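> fold the following.
(4 chains)
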Amino acid sequence: MTDWTATELMAIVMARAFDDGEVVVMGAVPALPMAACRLARATHAPNLEFIVGGSGTVSPEPDHLPASSCGGDLAPAATTLPLPDVVLLEGRGDAFDVFCAGGLQIDAYGNCNLIAVGDWEHPKLRGPGTVGLPFLPNTERSIIYTQSHTPRTFVERVDFVSGPGHPSGPDEERPYRKQGPSLVVTPLATFDFDETGRMRLATVHPGTTVDDVLQATGFTPAPGPEPTITPEPTDDELVTLRAIDAGGALRR
Amino acid sequence: MTDWTATELMAIVMARAFDDGEVVVMGAVPALPMAACRLARATHAPNLEFIVGGSGTVSPEPDHLPASSCGGDLAPAATTLPLPDVVLLEGRGDAFDVFCAGGLQIDAYGNCNLIAVGDWEHPKLRGPGTVGLPFLPNTERSIIYTQSHTPRTFVERVDFVSGPGHPSGPDEERPYRKQGPSLVVTPLATFDFDETGRMRLATVHPGTTVDDVLQATGFTPAPGPEPTITPEPTDDELVTLRAIDAGGALRR
Amino acid sequence: MPARFLEANEAVALIEPGSTLGVGGMQLAAAPMALVREMVRRRIPIARLVTSPSASLQADLPIAAGLVTEIVSPYVGFEHLGLAPAFRRAAETGALRILEIDEGSLTHALHAGAGGIPFVPCPPGVDLTDIPGVDRELFRRVVDPFTGSEHWAVPAIRPDTVLLACAVADERGNVAFDRFPFTDREMALAARRLIVEVEEVVPAGSLADRAPGTTLPSFLVDAVVVAPGGCHPTEYPGRYGRDEAAIVDYLRSAKDATGLEERVAELVAEDEDAYRARRGGTS
Amino acid sequence: MPARFLEANEAVALIEPGSTLGVGGMQLAAAPMALVREMVRRRIPIARLVTSPSASLQADLPIAAGLVTEIVSPYVGFEHLGLAPAFRRAAETGALRILEIDEGSLTHALHAGAGGIPFVPCPPGVDLTDIPGVDRELFRRVVDPFTGSEHWAVPAIRPDTVLLACAVADERGNVAFDRFPFTDREMALAARRLIVEVEEVVPAGSLADRAPGTTLPSFLVDAVVVAPGGCHPTEYPGRYGRDEAAIVDYLRSAKDATGLEERVAELVAEDEDAYRARRGGTS
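All right, here's what the predicted structure looks like:
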């Protein structure tokens, strides 16, 4: 099969990045990370668990991919944590393995910004707010994803850190930080991070060139190994994903 | 009817002291205060609500008076608060009107001690511990009750304050204190408190003399109006109480 | 005392003009819109609006109506449907003071408010963001007396009045949530005054089998307003879905400031019954 | 990972000797006695025992067995049945270090432990008692950075291992409480390692209809031990009552220290199956 969408490929790439037994948390607009988690469970990670935003549902398996993180269609779920308990565990810092996050701006060190573009007091663009992104450093690692790969989204330095990434210099001490951002997934490419915490181009999606990606990125990624082509979805991955996404949320 | 027990009279005296619409909290061994609350609801205070200890049950109406505050026989109840919520509301300080409490020692200023008789480091008698008694000052008022009216229980000054009573001197500042202890109920008598916060004899139960009470009390109560005789249970009170106490918990 | 059953206009009259208001509901679910609409109709000014960790129309509509001076919220938006137009415009023009806060700090601040706890030191995370640095009102430094280490702290939050949507009330005014309580119970426990809109009323005793943590006893509830479908256009999870067309319509009207003003004027001109008739029945 | 189903002896082997142990259950209900008995049989020393706001035999038995060095508990006793004999004797002889704490401070300390919150300033009340004055380990003064006022504070508590009794586990190791969760969920969320005894196992998916706040997902549960009637002689509310005769018998045996020693020796000499056979079936 070759008629997959960029969003489907993103879900598949994220799914591959999960390990069996991990616990994943996600926030608003959960269709994409939820698809990735369910695909991982259906393939190589049957013991992966995921928590869907404000609902607190644990590994829900509805017959479609819900658009909202708090809707009644997040059912059935094996169990549900009250939201305040999810908040506690996010602060505790050893309960969750992967945080799936994004931002209006994402910078070269994996910092995310959901609050304000421009000056905070007089923003050019006011974002919705940060919700739980300050807890990013408390999960073992984070996966950053966005459907907007543009120079406005991918910037050298976010205007406001609302979701902490890697320390961007030796003066930044982050004593309890864990792995931090480990993977960035966009409709064009994937990035990982070098030992200084700076993003570098890992793979470009089929049909996209390295130049396309660099043009869409507002900073110069760190040098690294020659980017490879993102492996295409296998038939098995696509068939399984589309059974999960019966409503076609990732195909629009 | 005149064949009531001292415990039944205590329940009836406590019931009379509740006002309609009040919210009452109680701790371990709830039969007596629970009987009082249910009697009040059945008579003059239909809108009184009460919370039974660790169960968090709100105004349960089982067919008997449970001996434990955490048992499955505390049902049915209109609603149940999780215990951590009860703890929060006790701290908040404006949710509950009356706290029913007691102690191994109770002193002339209504301080209660459930922790240790003698020196704390080398106690003569180690009590079970204070549970929620430190929250006493956060309810609008408290009713102290005990089935042990002896000089060992009623002391001039508790050896350890685990449930705060009235300030016992001008140097004690208690800025957020409310009414504090307002009534003490024993098998022999009832006490109230004078304007300095010291206990004074209010009524003696039928068949008991003032001297009996003073002999059983390890401190000299504050002077006050001549004690009266505690009004006997009315037939209506006794019949209603015994319908609540079908198991005869207060008659043993 | 048992909660009083009031009409929406009587209930929102309990909100003191210029006080702090908490509004429940999370993302596009369980927003107490019948109460919020009535508040907007009566043009009750709110000095400080406190929301759940993620609010949508229950924050944006009062802001659109010009009623909100300050907001304490970790998120105002419409998830997959887009940004919050009035919130965004008010923030960008400086018409709204935003007290920046994150989900964790807000939840802990409400928990502290519920428990008489004066303030809460923040768990790790927010200290690595720019959030605590922008305003000293909600974030200050505190030293842990046990370890000597320094942390950000947030003060307890106790809204003067809280508006919530619950599933049902029994006849005595005990109320129950359905599937997702979100942080609505924390907000309820922190409230000085609590007004709840419910989908329906059930006989006394009907809530006895509900699990602890899914109900609130009547003595915590000041007023109950019966408002079937009152969360419209947000959903009540398990009872009715959200009306995405109505939300999209609201967002479209916001392309310019006058569009939103017209929406607010339309709302003010009708009562809740008329609103319900106009939107058609989702319940 | 899904929780592992273990035998009681395998599960308690996860408790590190000399570590901090939390035990759930409140008053005479839901004490995880099957696990506690097994711990006593294996004579696992506990440096610090943390209980619910009110414990009974789950604290007194390990103390009777001489396994407990320190205890953090607002109450150890048997309600209407009397004082806790081993706790009382150990306190009076100085054999046990008691870290005095009240229900509120303990609940908040566990909540803080669950949330990565370093410490919690206490709500009003405990400051008017003698409790904070007797030990600097659990209570220290802190200044509110927002108001300047001074408060007592307690540190976060995170037991190394927590033992709880739940009603059921599903096949994946998700667990559910029944009617009263007490503070067991707070203790579970604060645990570094969680061992749960359950009355029965139900098929995967069976807990989907349970309300939020009445379950714990399997990823928080390290081991599940199936132990029907395992709370004996305490009750599991709604499933079986307490065995008051057995409790009274325990309390009577404690009239002298050797009586309790004999009880502990009796327990150590038999396994849980033999115990269950001896006591007869309450479940």
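
> quick one, helices of chain C?
With DSSP state H, the ranges of helices along chain C come out as C:8-12, C:33-41, C:57-64, C:85-93, C:103-115, C:184-190, C:244-253, C:257-268, C:272-279.

> by contact count, what packs against the first one?
Counting contacts by 3 or more CB pairs under 8 Å, 6 or more residues apart in numbering or on different chains; DSSP states H and E, helix C:8-12 is packed against helix C:33-41, strand C:194-202, strand C:223-226. Where C-beta positions appear, they are placed from N, C-alpha and C, glycine not excepted.

> go again using 7 Å as the cut-off
When contacts are defined as 3 or more CB pairs under 7 Å, 6 or more residues apart in numbering or on different chains; DSSP states H and E, helix C:8-12 packs onto helix C:33-41, strand C:223-226.

> point out the most buried one among the helices of chain C.
helix C:103-115 (a mean of 28; mean count of other CB atoms under 10 Å in any protein chain shown).

> quick one: contacts of that helix?
Here helix C:103-115 makes contact (CB atoms under 7 Å, 6 or more residues apart in numbering or on different chains) with A:84, A:87, A:90-91, A:131-132, A:134-135, B:88, B:91-92, C:53, C:72, C:74, C:119-120, C:122-123, C:125-126, C:154-158, C:183, C:186-187, C:189-190, D:117, D:123.

> quick one: the strands in the stretch 101-250 of chain C?
Remark: strands assigned in the stretch 101-250 of chain C by DSSP state E, counting those that start in this stretch are C:119-121, C:140-143, C:150-155, C:161-170, C:175-176, C:194-202, C:215-216, C:223-226.

> does the first one reach chain A?
No - using CB under 7 Å from any CB of the partner chain as the criterion, no contacts between strand C:119-121 and chain A are found, and the smallest distance is 10.5 Å.

> shaky segments in chain C?
Low-confidence segments of chain C, defined by pLDDT under 70: C:1-3, C:280-283.

> and the residue of the stretch 151-283 of chain C that's closest to chain A?
Here the stretch 151-283 of chain C gets closest to chain A at one residue, C:Pro237, 3.3 Å apart by CB to the nearest CB.

> and stretch C:227-247 with chain D, contact?
No - shown here: stretch C:227-247 not in contact with chain D (CB under 7 Å from any CB), separated by at least 11.2 Å.

> buried sites along that stretch?
C:227-237, C:239-244, C:246-247 (16 or more other CB atoms under 10 Å in any protein chain shown).

> cool, stretch C:143-162 as well?
C:144-146, C:151-162.

> max pairwise distance over the residues you listed: which two?
C:Phe146 and C:Thr161 (36.7 Å; CB to CB).

> count of residues packed around C:Arg141?
13 (other CB atoms under 10 Å in any protein chain shown).

> which residue is the nearest non-sequential neighbour of it?
Spatially, and ignoring its direct neighbours in sequence, C:Arg141 is nearest to C:Glu150 (5.7 Å; CB to CB, 6 or more residues apart in numbering or on different chains).

> what do you get for A:Leu104?
Going by CB to CB, 6+ apart, A:Leu104 has A:Gly127 as its nearest residue, at 4.7 Å.

> mind listing what that neighbour touches?
By CB under 7 Å, 6+ apart, the residues touching A:Gly127 are A:104, A:114-116.
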